[in-house]
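Visitor: I would like the atomic coordinates for the input below:
(chains A and B)
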There are 2 protein chains.
Amino acid sequence: MRATLLYGAGDVRVEDVPDASISLPTDALVRVTRSCICGSDLWPYKSKPAGADGQRMGHEFIGVVENVGAEVTTVKPGDVVLAPFVYSDGRCDFCAEGLHTSCRNGGFWGVGDVDGGQGEAVRVPQADGTLVVLPVGEDDALMPSLLTLSDVMGTGHHAAVAAGVRPGSTVVVVGDGAVGLCGVIAAKRLGAEQIVIMGRHEVRTSLARELGATDVVAERGRAGTAKVLELTGGDGAHAVLECVGMADSLQTAIRVTRAGGTVGRVGVPQSGDIPASQLMFAKNVSVAGGMAPVRAYVEELLPDVLSGAIQPGRVFDRTIGIEDVPAGYAAMDGREAIKVLIEP
Amino acid sequence: MRATLLYGAGDVRVEDVPDASISLPTDALVRVTRSCICGSDLWPYKSKPAGADGQRMGHEFIGVVENVGAEVTTVKPGDVVLAPFVYSDGRCDFCAEGLHTSCRNGGFWGVGDVDGGQGEAVRVPQADGTLVVLPVGEDDALMPSLLTLSDVMGTGHHAAVAAGVRPGSTVVVVGDGAVGLCGVIAAKRLGAEQIVIMGRHEVRTSLARELGATDVVAERGRAGTAKVLELTGGDGAHAVLECVGMADSLQTAIRVTRAGGTVGRVGVPQSGDIPASQLMFAKNVSVAGGMAPVRAYVEELLPDVLSGAIQPGRVFDRTIGIEDVPAGYAAMDGREAIKVLIEP
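Guide: Down below sits the predicted model:
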């Protein structure tokens, strides 16, 4: 089968790999019908040292079950299923707490002998805990929005939940990428009154306004902070969603948080440290969030996607076939595309 | 009157200063009957560059009201009163939210023309919002415990609240200073089941056991982390109280926090950064807390001090007069005393 591998910075290839197949009784074999490229895929795409071994890529997908292991009970061949960006058993204490990213039997796509999502098929470990059956056909018009529940919409929602967004909140979203845009959707859905997005790419910030942002701040650093403070009565926002992951963006997030407020961070951290510790201390600002347990949020978000109440699929602005994946990475890295959908 | 001034590292002096007096109609004049030296006083005591101007010291005190300004309504001459470590108006939105440390009209003792607490008297700005009348005489036997409500006990409580301690919690307290010891008291008071204190000073950790700690870990760094994980079923604790403020102690705190858990930090940060950002992200560990709004906690903690249910005054192991304050600093800095009480 065909699948995506990353060999080094800028070097992503689609190649023949061994066909996915069931190996454990808890596995399912899923033929991938939709997958996509994540902003987080761009970090290794920018920085991975060149090497002989390719790394299997992709962690967001929807597909059709082709086969299941003997112990699988919740999905069957023919089911259209959604996979979150980590697999999880759904039974351990962490899963019970809604922290599926810390599942005692969970793991990541593309690691070890586990397939990546940017390919034609995937062996899904812990199928019962991982997969969610979707009540639609494999080519339903809602597919782009449904696919976002595998990562980006759940991640934006996690940022909003971690930041404590509630009805009437003032919210700042740092970052206008697909996660930031989903953060806007999540904040609006949870009842935020004012939603300021910080970003300077007009196509994206215009879309943010359509999705619920009330204000756009294009400035960065000190100037951006000053503008947000001006928009929030001088105090900053109770809830700030950090959707980038750079030390600078985290610093901005902390600076625009109102005393006593919380930064909900979901941007994959590119620095070992969180800056502005002393400012956080003085203001009693918390930093919460992390890798989003999106499996925990599917049941809450799915009805709103099915009803059309939220349309996170709007973050996709390009659709490609599997052979065009390298061009898809280049387009996202060059900011020509917000997020690229793959139809293998 | 006599008061304490810090001129540079290791150079603390008791000198004559102008008598405290009412200058605003919202002021009260308080004759200090008990004050103390704080672990946070040791940071400038260790590091302040030598200079011509002395800095007034002390931010924890109890005293007797001698006079009040025309607008003061809640305290009157003769009242025995407690002052939290920041003054606050008690009326602004931040005070209403319980975040008195961010009061719009608040400030710190010893800054500008405001007296420090380590002296014979203090002009108290925002007297109505700041002072709490104590229902005891000025030499009541409970004075040491009552005095801790001005900072150290409220700070330990803030760490526990920020870390989310609840009945049945597993808690780690990083640091065996007076704040850490009060953190143990606070965690026990909030119903924690297991309380591990990390510290290597036997006098202090023995006291911690008497105050409610169930386990003591003397090791630091990687070895300390391993020991705590071993004591907590391999997962770490839901709630970790960081009561030191060094980058290393914060790193340890993050490492011993269970996935999904929270570090409640009250140690004054000595580094501009919070370490282990990527570990926090992977585990969804939050860092909350900061400068404790102890004024917000007096009403909750005072009854337990008056009843003897908690005895935070046990952190004081030395009592001195005002002229001995320099020796008191040296004793705390040399770890000969946990916390020093001053009877001016």
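Visitor: make it CA atoms for all contacts and neighbour counts henceforth
Guide: Will do.
Visitor: How about the contacts made by the residue lying closest to A:R200 once chain neighbours are set aside?
Guide: Spatial nearest neighbour of A:R200, chain neighbours left out: A:A218 (4.4 Å); criterion: Cα to Cα, 6 or more residues apart in numbering or on different chains. Contacts for A:A218 (Cα atoms under 8 Å, 6 or more residues apart in numbering or on different chains) come out as A:M198, A:G199, A:R200, A:H201, A:G224.
Visitor: and A:S21, that's in a helix?
Guide: No - going by DSSP: H, G, I helix; E, B strand; the rest coil, the assignment for A:S21 is coil, not a helix.
Visitor: Give me the pLDDT for it.
Guide: We have a pLDDT of 97 for A:S21.
Visitor: was I right about it contacting A:L29?
Guide: Yes - using Cα atoms under 8 Å, A:S21 is in contact with A:L29, at 6.0 Å.
Visitor: can you list residues touching both of those two?
Guide: Both A:S21 and A:L29 are in contact with A:V122, A:R123, where contact means Cα under 8 Å, 6+ apart.
Visitor: With neighbour numbers in mind, choose between the two.
Guide: A:L29 (24 against 19; other Cα atoms under 10 Å in any protein chain shown).
Visitor: which SS class is the more buried one?
Guide: Strictly by three-state DSSP, A:L29 counts as strand.
Visitor: Bridged to it, which residues?
Guide: A:N67, A:R123 (DSSP bridges).
Visitor: if I pick it, what's in contact with it?
Guide: Applying Cα under 8 Å, 6+ apart to A:L29 gives the contacts A:A20, A:S21, A:I22, A:V65, A:E66, A:N67, A:V68, A:A121, A:V122, A:R123, A:V124.
Visitor: Quick check: it vs A:V81, distance?
Guide: Distance of A:L29 to A:V81, given as Cα to Cα, to the nearest Å: 11 Å.
Visitor: Give the residues shared as contacts by these two.
Guide: Taking Cα under 8 Å, 6+ apart as the contact rule, the neighbours common to A:L29 and A:V81 are A:V65.
Visitor: returning to what we had before: could you work out the most separated pair of the contacts of A:A218?
Guide: A:H201 and A:G224 (14.3 Å; Cα to Cα).
Visitor: the more surrounded of those two?
Guide: Counted by other Cα under 10 Å, A:H201 and A:G224 do not tie: A:G224 has more neighbours, with 18 against 13.
Visitor: Check whether that one really touches A:L231, as I assumed.
Guide: No - with contact defined as Cα under 8 Å, A:G224 does not count as touching A:L231 (10.7 Å).
Visitor: returning to that earlier point: pick the one among the contacts of A:L29 closest to chain B.
Guide: Checking the contacts of A:L29 against chain B with Cα to the nearest Cα, the nearest one is A:V124 at 21.6 Å.
Visitor: my read: that closest one touches A:D27, true?
Guide: Yes - between A:V124 and A:D27 there is a contact under Cα under 8 Å: 5.3 Å.
Visitor: From A:A192, how far out is A:Y297?
Guide: Counting by Cα to Cα, the gap from A:Y297 to A:A192 is 19 Å.
Visitor: now A:A121
Guide: If you measure A:A121 against A:A192 using Cα to Cα, the figure is 39 Å.
Visitor: ok, now A:P44?
Guide: Going from A:P44 to A:A192 by Cα to Cα gives 34 Å.
Visitor: Which one of these two is surrounded by more residues?
Guide: Using other Cα under 10 Å as the criterion, A:P44 and A:A192 rank with A:A192 on top: 22 against 15.
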